[in-house]
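> A structural model of the following input is requested.
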Amino acid sequence: MKAHQQNRFLIPTFGLLLGTCSIVAAADILLVGNPADDPNDALVAFLTTQGHTVTQEPRRDGPGNANDFDLVIISLDSNSSGFNDPGEAAAWNAVTVPIINHNTYFYKQSVWGWTTDPLQGVGGSGALLDSPYPDPEHPFLSGLEAPTGTIFSTARGARRPGVEYLLPTGSTIVATGENSTTLGIFTIDAGTLLTSPDGVTAAGNIRIGWPLAGLYDWNFINSNGEQILSNIIGTVAPEDEAPRITNTTIESGSGDLLISFSPAGTTYVLKSSNDLTSPLSVVPSTTLENTNTTIRVPAAELNQDRDFFVIELAP
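As a prediction, this is how the structure comes out:
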């Protein structure tokens with residue numbers, strides 16, 4: 001996973017004090033659809049401005065290398081080829097990374113078995129209304145502006161499964177459409193049994209059903225829709241493992257400070273201060289060694305103005 005990080009560890013010259021770390025994760029996303037015929041330019045632009053890496057691919061023969069990404073988004077412009085041939089429903093359902101699926105066609109019992117709906121959706125509003133939200137405290141819905149439920153800037157017709165069609169055990173309705181009659185957003189837990197013509201398959205990771213009303217909805221999405229997608233990605237995409245300090249040693253002979261950390265990394269900035277409140281400044285002349293697991297601080301840098309050190313890792 002490619003991520004923007006700023007991980008800070010405060011290291012006294014003698015001893016070790018671990019500070020806090022803050023990770024702003026950026027996901028490596030596979031957007032599956034037909035980009036040559038129906039580009040998802042607005043969606044891709046939004047994702048990339050959020051710092052995510054987006055790869056667009058049509059799929060004609062199953063999920064392929066989908067597990068090499070942090071997240072898969074199934075675009076509304078995906079057709080059945082590559083998704084519903086024998087064995088492909090089970091293969092997609094078993095993908096081990098999270099999937100956001102905007103295409104109601106694949107929800108059907110006769111395709112991936114995410115709902116018992118035999119149709120491609122039963123109509124409904126393109127808006128998720130102020131109420132009812134079955135789960136208003138759900139992290140997917142945090143930070144929305146009033147009216148909190150409206151995610152499209154204009155009213156649009158939608159094809160959504162009706163709430164009367166059953167979701168698999170292990171599912172949560174996050175938001176509904178007009179008059180609580182249609183599904184807005186729902187989740188399916190990892191390991192949930194999904195029944196399709198390919199048989200019963202355990203979901204490999206969380207599945208998010210979010211039916212969009214039309215192919216170019218993201219051209220009309222407003223800040224609430226963007227916030228929901230950001231919330232989803234931030235909740236389900238795996239975070240990078242934060243580096244941790246494993247050892248600090250003053251090397252005999254040279255007097256250099258050796259700062260060992262894990263996991264290995266090649267990009268870092270080492271800063272220092274003589275206390276915990278003075279401004280930090282970059283430490284010059286450091287080197288990275290031992291297969292990118294150790295920072296060497298020259299002995300000359302270990303003086304009264306450099307009592308505390310901070311490691312900041314960035315892309």
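> from here on, contacts and neighbour counts on C-alpha atoms
Fine.
> ok, and the closest non-adjacent residue to residue 143?
residue 227 (7.1 Å; CA to CA, 6 or more residues apart in numbering).
> Check the average confidence over the helix or strand hosting that neighbour, would you?
Per DSSP states H and E: residue 227 is located in helix 223-236. On average, the pLDDT along helix 223-236 is 90.
> From what I see, the residue nearest to residue 143 and residue 145 are in contact.
No. Using CA atoms under 8 Å, residue 227 makes no contact with residue 145, being 9.3 Å away.
> which one of the two has more residues nearby?
Neighbours of residue 227 and residue 145, each counted by other CA atoms under 10 Å, are more numerous for residue 227; the result is 18 against 12.
> mind listing what that one touches?
Neighbouring residues of residue 227 by CA atoms under 8 Å, 6 or more residues apart in numbering: 141-144.
> State the next helix or strand along the chain beyond the helix or strand of the chain with the lowest mean pLDDT.
None of the helices or strands of the chain scores lower by mean pLDDT, DSSP states H and E than strand 21-24, at a mean of 33. Remark: after strand 21-24, the chain's next helix or strand is strand 28-32, criterion DSSP H and E.
> what about that next one, distance to the chain center?
On the basis of CA atoms, centre = their mean, to the nearest Å, strand 28-32 is displaced by 10 Å from the centre of the chain it belongs to.
> Residue 284: how many residues sit nearby?
Neighbour tally, residue 284, other CA under 10 Å: 12.
> That one falls within a helix, correct?
No. The assignment for residue 284, made by DSSP: H, G, I helix; E, B strand; the rest coil, is coil rather than a helix.
> so where is the stretch 201-315 of the chain shaky, pLDDT-wise?
213-217, 239-244, 276-277, 304-307, 313-315 (pLDDT under 70).
> all strands for it, in order.
In the stretch 201-315 of the chain, the segments counted as strands under DSSP state E, counting those that start in this stretch are 207-209, 244-250, 257-262, 268-273, 281-282, 287-289, 294-297, 308-313.
> List the neighbouring strands of the fifth one plus their orientation.
The pairing partners recorded for strand 281-282 under DSSP bridges are strand 268-273 (antiparallel).
> Same check on the first one?
Listed by DSSP bridges, the sheet partners of strand 207-209 and their directions read strand 99-101 (parallel), strand 183-188 (antiparallel).
> How far does the last one sit from its chain's centre?
When you say that, I think you mean strand 183-188. With CA atoms, centre = their mean, you get 17 Å for strand 183-188.
> How about the shortest one?
If you compare the mean C-alpha spot of strand 99-101 with that of the full chain, they lie 11 Å apart, counting by CA atoms, centre = their mean.
> Contacts for that strand, please.
71-76, 205-211.
> go again using 6 Å as the cut-off
72-74, 207-209 (CA atoms under 6 Å, 6 or more residues apart in numbering).
> after it comes which helix or strand?
That would be, after strand 99-101 and using DSSP H and E, strand 171-176.
> just the last one next, same as before
Sequence-wise, the next helix or strand downstream of strand 183-188 (DSSP H and E) is strand 193-196.
> strands paired with that following strand, and their directions?
Note on strand 193-196: by DSSP bridges, its sheet partners are strand 199-202 (antiparallel).
> Name the residues that touch stretch 289-306?
By CA under 6 Å, 6+ apart, the surrounding residues in contact with stretch 289-306 are 255-261, 264-266, 272-274, 286-288.
> now do 7 Å
254-262, 264-266, 272-274, 285-288 (CA atoms under 7 Å, 6 or more residues apart in numbering).
> Of those residues, grab the buried ones for PyMOL.
Buried members of the contacts of stretch 289-306, defined by 16 or more other CA atoms under 10 Å, are picked up in PyMOL with:
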select buried, resi 256+257+258+259+260+261+265+272+273+274+286+288
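> now the residue nearest to residue 143: how far from residue 194?
With distances taken as CA to CA, to the nearest Å, residue 227 is found 29 Å from residue 194.
> what do you get for residue 150?
For residue 150, the distance to residue 194 equals 30 Å [CA to CA].
> before we move on, what about residue 46?
With distances taken as CA to CA, residue 46 is found 31 Å from residue 194.
> Compare these two and say which is more crowded by neighbours.
Legend: neighbour count by other CA under 10 Å for residue 46 and residue 194, higher for residue 194 (24 against 15).
> Quick check, pLDDT for that one.
In this prediction residue 194 is given a pLDDT of 95.
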